[in-house]
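# Kindly generate the corresponding structure for this input.
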Amino acid sequence: MDESSSPVRLHATVHGRVQGVGFRAYTFNSAKRIGLVGWVRNRFNGTVETVAEGERHQLELFLRDLQRGPGPSGVTKIDTDWLPATGEFSEFEVRWTA
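This next block holds a predicted model:
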């Protein structure tokens with residue numbers, strides 16, 4: 001298996017106008033469409049946090065979707081960390097605010 005198809009993990013924190021605009025549902029739908037596993041949640045500090053696992057090219061598409069956001073959103077910055085996949089997820093889910 002070459003490195004480009006090995007599963008990796010993306011941990012992203014999305015800043016801007018990302019709460020109260022359907023961002024979690026948008027993120028969930030994007031992840032499901034692309035075929036990723038993991039989760040998304042609002043943070044009490046006004047950001048949206050997501051952890052997703054899949055192939056690097058899938059996660060790059062996901063990151064592009066996060067930057068775009070749903071219509072009423074306004075993404076100003078995305079903090080990203082690329083990590084080894086753990087394989088702990090079997091689906092993508094919306095989690096409670098933390």
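
# wait, isn't residue 61 in contact with residue 36?
No - between residue 61 and residue 36 no contact is recorded; they are 9.2 Å apart, counting by C-beta atoms under 8 Å. In short, each C-beta sits where N, CA and C put it, glycine included.

# Looking at these two, which is more packed in?
Each of residue 61 and residue 36 has its neighbours counted (other C-beta atoms under 10 Å); residue 36 has more, 24 against 17.

# Phi first, then psi, for residue 78.
phi -130, psi 120 (degrees, to the nearest 10).

# ditto for residue 91
According to degrees, to the nearest 10, residue 91 has phi -160, psi 180.

# how much space between it and residue 38?
As judged by C-beta to C-beta, to the nearest Å, residue 91 and residue 38 stand 9 Å apart.

# Those two: which is more packed in?
Using other C-beta under 10 Å, the more surrounded residue of residue 91 and residue 38 is residue 38, with 23 against 10.

# Could you measure from that one over to residue 12?
For residue 38, the distance to residue 12 - C-beta to C-beta - is 10 Å.

# Spell out which residues are contacts of both of these two.
Here residue 38 and residue 12 share the contacting residues 50, 51, 52, scored by C-beta atoms under 8 Å, 6 or more residues apart in numbering.

# need those residues in CSV with pLDDT, neighbour count and secondary structure, can you?
Formatted as CSV, these follow (pLDDT from 0 to 100; neighbours: other C-beta atoms under 10 Å; DSSP: H, G, I helix; E, B strand; the rest coil):
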residue, pLDDT, neighbour count, secondary structure
50, 98, 27, strand
51, 98, 21, strand
52, 98, 26, strand
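
# Nearest to residue 22 among those?
residue 50 (14.4 Å; C-beta to C-beta).
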